[in-house]
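In: could you look at this predicted model? Sequence included:
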Amino acid sequence: MAEVIIVTDPESAGALVADEIVSLLRRRPDAVLGLATGSTPLPVYRALQPRLAGVDVSRVRGFALDEYVGIDPAHPESYRSVISREVVEPLGLDPAFIRTPDGSDDGIEHAGEDYEAAIAAAGGIDLQILGIGTDGHIGFNEPGSSFASRTRVKTLTEQTRADNARFFDSIDDVPMHCITQGLGTILSARHLVLLAFGAEKAAAVAGAVEGPVSASLPGSAIQLHPHVTVVVDEAAASALRDADYYRYAFAHKPTWQPL
């Protein structure tokens, strides 16, 4: 079972996860982070800034979850740009050690294999940050994705394109395809941390944590992983059947036990 932590607001979630990441980096200065984009992980990245004072981050490595296919890497909404703007620059990471999948048309047929090889060469991902879509997708693994899937090109659903349209001038500007870590890739990380905020995520969270394991809800793949932490606010937790137990368990968690 995933550890489910229910907090009052996104800022509290960000502080909790940031503390765990700092602890990891103190133990392992060359740790490998799996980096999510979008609005959900922003509280974590903001909370990390003051906490990294005095922490050596010169060897930290990172891999983004996904990238749009065919987008100019210099476009402000390419995930390469987003990761640089929201993670690499404010946290003082070495950009040479932070990678996103190559979404350029040239070489796209083997870009997934290249990314998998790079993750393997880094020794695998130590802590993977995840959000979850309203349809239950994680990364850009839309409903129907194989639990064994690796990094590959996927076609985005209209719902996902509509959800992401707020970052573009219109939905017509949202790319149709992406290259994303697969569910099998995500499940290979040593620790998964899934965050969700807001009532619109409540059904997806409940399905991922308490529903049947099904490719129809890709987020349910987290139930197959031995070390998962789910951090949600009250609104996102509102459909959880066992919410009272999760609160009780966290309140009585042993002090020596990390996230």
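Out: Structure's in. What do you need?

In: helices of the stretch 51-200 of the chain, residue ranges please.
Out: For the stretch 51-200 of the chain, applying DSSP state H, counting those that start in this stretch gives helices covering 79-83, 89-91, 108-121, 158-164, 183-187.

In: how about the worst-scoring helix or strand of the chain on mean pLDDT: buried residues?
Out: Every helix and strand in the chain was compared by mean pLDDT, DSSP states H and E; the lowest is helix 158-164, with a mean of 87. Judged by neighbour count (16 or more other Cβ atoms under 10 Å), helix 158-164 contains these buried residues: 160-161, 163-164. From N, CA and C alone the C-beta is placed, and that goes for glycine too.

In: quick check: the spatially most central residue of the chain vs Val230, distance?
Out: Centroid-nearest residue in the chain, with Cα atoms, centre = their mean: Leu130, separated by 2.2 Å. Remark: distance between Leu130 and Val230 (Cβ to Cβ, to the nearest Å) = 9 Å.

In: overlap in contacts of those two?
Out: 193-195, 222 (Cβ atoms under 8 Å, 6 or more residues apart in numbering).

In: let's have those in CSV, adding neighbour count, distance to Gly54 and pLDDT.
Out: Shown next, in CSV, are the shared contacts of Leu130 and Val230 (neighbours: other Cβ atoms under 10 Å; distance: Cβ to Cβ, whole Å; pLDDT from 0 to 100):
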residue, neighbour count, distance to Gly54, pLDDT
Val193, 26, 23, 98
Leu194, 25, 29, 98
Leu195, 29, 26, 98
Ile222, 22, 33, 98
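
In: select, from those, the two members most distant in space.
Out: Maximum pairwise distance in those, criterion Cβ to Cβ, is 12.0 Å, between Leu195 and Ile222.

In: who touches both of the two?
Out: With Cβ under 8 Å, 6+ apart, Leu195 and Ile222 have common neighbours 130, 230.

In: returning to what we had before: just the closest of the shared contacts of Leu130 and Val230 to Ala2, please.
Out: Taking these together and measuring to Ala2 by Cβ to Cβ, the closest member is Ile222, at 5.9 Å.

In: neighbours around the closest residue in space to Gly182 that isn't next to it in sequence, how many?
Out: Distances taken as Cβ to Cβ, 6 or more residues apart in numbering put Ser149 closest to Gly182, at 3.2 Å, once the chain neighbours are dropped. By other Cβ atoms under 10 Å, 22 other residues sit near Ser149.

In: list the contacts of the residue nearest to the centre of the chain.
Out: Here Leu130 is in contact with 34, 36, 65, 138-139, 186, 192-195, 222 (Cβ under 8 Å, 6+ apart).

In: now do the same contact list for the nearest residue in space to it that is not next to it in sequence.
Out: Of all residues not flanking Leu130 in the chain, Leu194 sits nearest, at 4.3 Å (Cβ to Cβ, 6+ apart). Shown in contact with Leu194 (Cβ under 8 Å, 6+ apart): 2, 130-132, 138, 208, 219, 222, 228-231.

In: what would those residues look like in CSV with distance to Thr180?
Out: As requested, the contacts of Leu194 are arranged in CSV below (distance: Cβ to Cβ, whole Å):
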residue, distance to Thr180
Ala2, 21
Leu130, 12
Gly131, 13
Ile132, 14
Ile138, 9
Ala208, 17
Gly219, 14
Ile222, 16
Val228, 19
Thr229, 22
Val230, 20
Val231, 22
